[in-house]
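J.: got a structure for you, letters missing:
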């Protein structure tokens, strides 16, 4: 691709897909049929440049309708937005769910990440490829984590068209996956969100109390079960009162960094520059993580309410929900909830008659783990490659569109509702003094009852695994996902708190707890982790771009070596790991060595 437009033309379907997002072009400058009136001048160039943030929705529109993005379609999209084609090509090739080369209209994504790998994903892929063969009209793609770890192995079907159709097969068999790919509309309906919550219906639940109890599509049912009580409390307290409650509750971010939420909100609210923005990070792509998906599928109005409370507190009138592209049901549920809330006056210009204006726009990701990093997410929304920014300035000063921005993940925001309804002191009394409130844990792997569990901070790893029914031949437990660390079966007394896991030399991360029995080949698992980080590195900084490749190469040599000493490669791994940890721009490179290091030092993986 060049900086200049080429001679390729869009097909009628490609043009219709783009026009469905932007409306018909107003001049030949934007791609309309040439007429005498606009031969010598063009209209709308400045306005088009201001819509650069619609590049990602435009790429989705083409990919959804056609199945891939041709040069002619990309050229037409770029004309509509006055974006150089080379830049748009860089964005389109950044995301795993897009293709700039022809492929079948139906794509079958088969997860090969940790939980699915342990559940036989390799054999599943081989069986599907053998059954479908060439000329089947289905492209089979081996995919990173699909966020369906409690039902591993998993597959996702995307069939392009108008409208695009999707189907989930999980737990997937060869027959079920092939059937879903052949006829997505006739695939069995996906299991209710409550099936992913083994504790569903228990009176002790706080964050998960409505899942399996209320109809996720019914706003009236949500309000009958306490919905919008927190927002009314927020309006009674005022913005500063809400921030004070959140600060006094001790709420720490649940996305992994554990930053105090009240401090982040206060820092944003106090910025004189306007407008302020709120961004909900629903792009949970850490292998083993699926709690946010369950919340959005099972209790979508809770997130709408929580985002409204947060926006009121920080003075934001526009919010963005950045949602994983691999979550079609969550997208449908959240879009319906936003539309219903808007229709009932719970979003819009005058919420609950309080004179506060706020609305939510949903933006789909397209398969990029790095976009879970907040500044990479901002770049993605703005229509650029999802690469992290250097900090400072921090997002509370200059975030989305260069304005003060609060970014929280789904679980963090949903925690704000019980803080306001029960009060900060009662919330802070749950858990431990430094890790307050309830926490969601995503348990998968070698357990009898995988799913999302809610426990107060301070419960031990052993207590959680007992609830999930851990198998007796436990080999290791991975805490925090691919960016976390392994612990041994004799370390199950570790308290599940931010400080407790830190003191034990590991991390809680976003709440991933993945158990592996002695049938899982640990060296192959570590190699898969290394492959994941190599694929997901954005390549912006040298330590991560080169280090993740060298890490994978060393682990390949160790796995394939027979009878020779692994010590030289382990020494190389340590050197590369230190360089990535010390010098990478963002958390991806800084944590890419964690799981491998813990497996070597705590589990003796290569002894």
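T.: Nice, thanks for sending it over. All figures in this text were calculated on a predicted structure; none of them were measured in a lab. Numbers count the residues shown, from 1 in each chain.

J.: on contacts alone, who are the packing partners of whichever helix or strand residue 79 is part of?
T.: Using DSSP states H and E, residue 79 falls within helix 71-81. Here helix 71-81 touches helix 12-22, helix 45-49, helix 55-66, helix 85-92, going by 3 or more CB pairs under 8 Å, 6 or more residues apart in numbering; DSSP states H and E. For glycine as for every other residue, the C-beta is placed from the backbone atoms N, C-alpha and C.

J.: so for residue 352, which of the ones you listed sits nearest?
T.: helix 55-66 (29.7 Å; CB to CB).

J.: how far does that closest one sit from its chain's centre?
T.: Helix 55-66 sits 19 Å away from the centroid of its parent chain (CA atoms, centre = their mean, to the nearest Å).

J.: just stretch 307-327 next, same as before
T.: Taking CA atoms, centre = their mean, one finds stretch 307-327 lying 14 Å from the centre of the chain it belongs to.

J.: for stretch 281-295, same thing?
T.: 5 Å.

J.: how long is that stretch end to end?
T.: End-to-end distance of stretch 281-295 (CA to CA, to the nearest Å): 13 Å.

J.: ok, residues contacting the helix or strand harbouring residue 126?
T.: In the assignment (DSSP H and E), residue 126 maps to helix 121-132. The contact list for helix 121-132 (CB atoms under 8 Å, 6 or more residues apart in numbering) reads 108, 110-113, 116, 138, 140, 142, 152-153, 155, 172-174, 177-178, 181.

J.: and the angle from the helix holding residue 79 to helix 85-92?
T.: With axes from the mean of the first three to the mean of the last three CA atoms, to 10 degrees as the basis, helix 71-81 and helix 85-92 are set at 110 degrees to each other.

J.: mind listing the strands for the protein?
T.: Listed in chain order, the strands found in the chain under DSSP state E are 106-111, 138-143, 155-159, 165-169, 276-282, 316-323, 359-364, 405-409, 438-445, 451-456, 474-479, 485-487, 512-517.

J.: closest to residue 553 out of the ones you listed?
T.: Among the strands of the chain, strand 138-143 comes nearest to residue 553, with 19.6 Å by CB to CB.

J.: starting at the chain centroid, how far to that closest one?
T.: Here the centre of strand 138-143 is set off from its chain's centre by 20 Å, with CA atoms, centre = their mean.

J.: and if you look at stretch 322-332?
T.: Centre-to-centre, stretch 322-332 and its host chain are 9 Å apart (CA atoms, centre = their mean).

J.: in that stretch, what's buried?
T.: Residues 322-331 are the ones in stretch 322-332 that count as buried (16 or more other CB atoms under 10 Å).

J.: out of these, who's nearest residue 414?
T.: Nearest member of the buried residues of stretch 322-332 to residue 414, counting by CB to CB, is residue 330, at 13.7 Å.

J.: okay, now the closest residue to residue 184 other than its chain neighbours: neighbour count?
T.: Excluding the flanking residues, the one nearest residue 184 by CB to CB, 6 or more residues apart in numbering is residue 167, at 3.9 Å. The local packing of residue 167 (other CB atoms under 10 Å) involves 26 other residues.

J.: which residues touch residue 167?
T.: Residue 167 touches 156-157, 159, 180-181, 184-185, 187, counting by CB under 8 Å, 6+ apart.

J.: look up how far residue 188 lies from it.
T.: Counting by CB to CB, to the nearest Å, the separation of residue 167 from residue 188 is 9 Å.

J.: just say which of the helices and strands packed on helix 71-81 is most tucked in.
T.: With neighbours taken as mean count of other CB atoms under 10 Å, the helices and strands packed on helix 71-81 reach their highest mean count in helix 55-66, at a mean of 23.

J.: which strands and helices lie in contact with that one?
T.: Using 3+ CB pairs under 8 Å, 6+ apart, helix 55-66 sits against helix 12-22, helix 71-81, helix 85-92, strand 359-364.

J.: among these, which comes closest to residue 217?
T.: strand 359-364 (16.2 Å).

J.: next one: the closest one to chain centre, how far?
T.: Taking mean C-alpha positions (CA atoms, centre = their mean), strand 359-364 and its chain are 14 Å apart.

J.: what strands flank that strand, and is each parallel or antiparallel?
T.: Partners of strand 359-364 in the sheet, by DSSP bridges, are strand 316-323 (parallel).

J.: give me the contacts around the partner strand.
T.: So strand 316-323 is contacted by 275-283, 296, 303, 307, 310-311, 330-331, 334, 338, 357-365, 371, 377, 380-381, 400, 406 (CB under 8 Å, 6+ apart).

J.: weed out the non-buried ones from those residues.
T.: Buried members of those, scored by 16+ other CB under 10 Å, are 276-283, 296, 303, 307, 310-311, 330-331, 334, 338, 358-360, 362-365, 371, 377, 380-381, 400, 406.

J.: just to revisit the earlier point, please convert the strands of the chain to TSV, extending it with mean pLDDT and distance to residue 288.
T.: As requested, these are exported to TSV (pLDDT from 0 to 100; distance: least, CB to CB, whole Å):
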stretch	mean pLDDT	distance to residue 288
strand 106-111	96	11
strand 138-143	93	15
strand 155-159	96	17
strand 165-169	95	18
strand 276-282	98	16
strand 316-323	98	19
strand 359-364	98	22
strand 405-409	98	15
strand 438-445	97	6
strand 451-456	98	12
strand 474-479	95	7
strand 485-487	95	12
strand 512-517	95	4
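
J.: redo these as a markdown table? Include distance to residue 463.
T.: Output for the strands of the chain, formatted as a markdown table (distance: least, CB to CB, whole Å):
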| stretch | distance to residue 463 |
| --- | --- |
| strand 106-111 | 29 |
| strand 138-143 | 33 |
| strand 155-159 | 33 |
| strand 165-169 | 31 |
| strand 276-282 | 29 |
| strand 316-323 | 32 |
| strand 359-364 | 37 |
| strand 405-409 | 25 |
| strand 438-445 | 11 |
| strand 451-456 | 7 |
| strand 474-479 | 13 |
| strand 485-487 | 14 |
| strand 512-517 | 11 |
